[in-house]
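S.K.: Please find the sequence and the predicted model below.
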Amino acid sequence: MNEEIIQNLNERLDSAIDRSREILEDEDLQVRLAEIQERAETLVRRHPIKSVAAGLAVGFIVAKIFTHQD
């Protein structure tokens, strides 16, 4: 019975890996990601101080969420 469960999990993982590989190799996805990267770089170049301030604010909030003081 344990071997059946392990085999089933292996098959499901193989299927998920294959689907993920297909998604990552999709040319449309690569084009969209390149466009997003270009827009983000342009935005940061136009507003460097605001970009740094926003990054610091997000970092501070994430740090507060993940650090727990008893």
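M.R.: Received it, and whenever you're ready, just let me know what you need. Numbers count the residues shown, from 1 in each chain.
S.K.: alpha carbons only for contacts and neighbour counts from here, please
M.R.: OK.
S.K.: Mind jotting down where the helices sit in this protein?
M.R.: Ranges of helices within the chain are 2-25, 27-46, 48-66, based on DSSP state H.
S.K.: got those as a markdown table, with mean pLDDT columns?
M.R.: Shown next, in a markdown table, are the helices of the chain (pLDDT from 0 to 100):
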| stretch | mean pLDDT |
| --- | --- |
| helix 2-25 | 89 |
| helix 27-46 | 93 |
| helix 48-66 | 95 |
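S.K.: can those helices go into a markdown table with extra columns for mean neighbour count?
M.R.: Formatted as a markdown table, the helices of the chain follow (neighbours: other C-alpha atoms under 10 Å):
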| stretch | mean neighbour count |
| --- | --- |
| helix 2-25 | 11 |
| helix 27-46 | 12 |
| helix 48-66 | 11 |
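S.K.: From residue 13, how far out is residue 3?
M.R.: Distance, residue 3 to residue 13, using C-alpha to C-alpha, to the nearest Å: 15 Å.
S.K.: Torsion angles phi and psi at residue 68?
M.R.: With angles defined as degrees, to the nearest 10, residue 68 sits at phi -120, psi 120.
S.K.: Check it and give its pLDDT.
M.R.: With respect to pLDDT, residue 68 scores 75.
S.K.: Now do the contacts for residue 60.
M.R.: Contact analysis of residue 60 by C-alpha atoms under 8 Å, 6 or more residues apart in numbering lists nothing.
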